[in-house]
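**Student:** below is the sequence, then the predicted model.
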Amino acid sequence: MAYTREELDWIEAEWAFHLHGRSAFLSREDFLQVTAWEGEAVPAEAVVAAMDTFFGRRAKRARPRAFVAMSHLAKDVAKAAQLRLALARSEDAGPAGGKPRLDGRLAKDPKAVSLFEGWQRLRASTPAPDSPAYLDHFDALQTARQAFIAQAANHLGSEGDGLRLALSDRLQEAGIREESPVWKRAFGHHWGKMVLEAFGIGDA
């Protein structure tokens, strides 16, 4: 598989986003690493997900390494490529063998409950990455996730306004041009994670 220009721009923008704009462009070595993942048919979404995992772990360290490179994400990328769309395995998704459920405000919204359950059914029935049905399932899964997030965001109220403003500031800080295709993709990615985190919902 070959990354589209938009996917390459997205990966580069996410790199700058996590580095707070200190490295707006990938180095030659970083680009070669991305190219290697491209040759291994690793989805761009998996690379971005690996960045979230890597930088989330890095932020918790008392003295994180100052220098970071794409190669440092190798283990996270490998795991994300294999497991990103696997059976929901987060403890936040519910006890083993149990049915994921919503709590609080969302549990009282029938539409949110319906959309959430539809998303979870797709998560639980994900085929293997080498299955012919994988890509179609991926598209359906993302559509279901986005529909639930849009409904859940309606319950954030003024909290949502603050989250949107903070996210916009971070994207601008990373040098991403507002309302560009990359802005929209990056905003959608991080906004979804912020909404789910606001309601304590796992997205593993």
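**Tutor:** Sure, I can see it.
**Student:** going forward, measure contacts and count neighbours with C-alpha atoms only.
**Tutor:** Fine.
**Student:** after the helix or strand bottoming out on mean pLDDT in the chain, next one along is what?
**Tutor:** Lowest mean confidence among the helices and strands of the chain (mean pLDDT, DSSP states H and E): helix 74-83, at a mean of 79. Using DSSP states H and E, the helix or strand that follows helix 74-83 in sequence is helix 104-107.
**Student:** mind listing what's buried along that following helix?
**Tutor:** Neighbour counts over helix 104-107 (16 or more other CA atoms under 10 Å) mark L106 as buried.
**Student:** what of stretch 33-43?
**Tutor:** Q33, V34, T35, W37, E38, V42, P43.
**Student:** repeat that for stretch 124-137.
**Tutor:** Within stretch 124-137, the residues that count as buried by 16+ other CA under 10 Å are T126, P127, P129, H137.
**Student:** outline the domain layout of the chain.
**Tutor:** Structurally, the chain divides into domains by automatic domain parsing as follows: 1-84, 87-204.
**Student:** next step: the buried residues of stretch 33-43 restricted to helices.
**Tutor:** With helices taken from DSSP state H, the overlap with the buried residues of stretch 33-43 comprises Q33, V34, T35, W37, E38.
**Student:** now the third one: how far from S158?
**Tutor:** What it means is T35. 42 Å (CA to CA, to the nearest Å).
**Student:** before we move on, what about the last one?
**Tutor:** E38 sits 40 Å away from S158 when distances are taken as CA to CA.
**Student:** and for the fourth one?
**Tutor:** For W37, the distance to S158 under the criterion CA to CA works out to 40 Å.
**Student:** can you give me the strands for the chain?
**Tutor:** Using DSSP state E, the chain contains no strands.
**Student:** what mean pLDDT does the lengthiest helix in it get?
**Tutor:** As assigned by DSSP H, the longest helix anywhere in the chain is helix 134-153. If you average the pLDDT over helix 134-153, you get 88.
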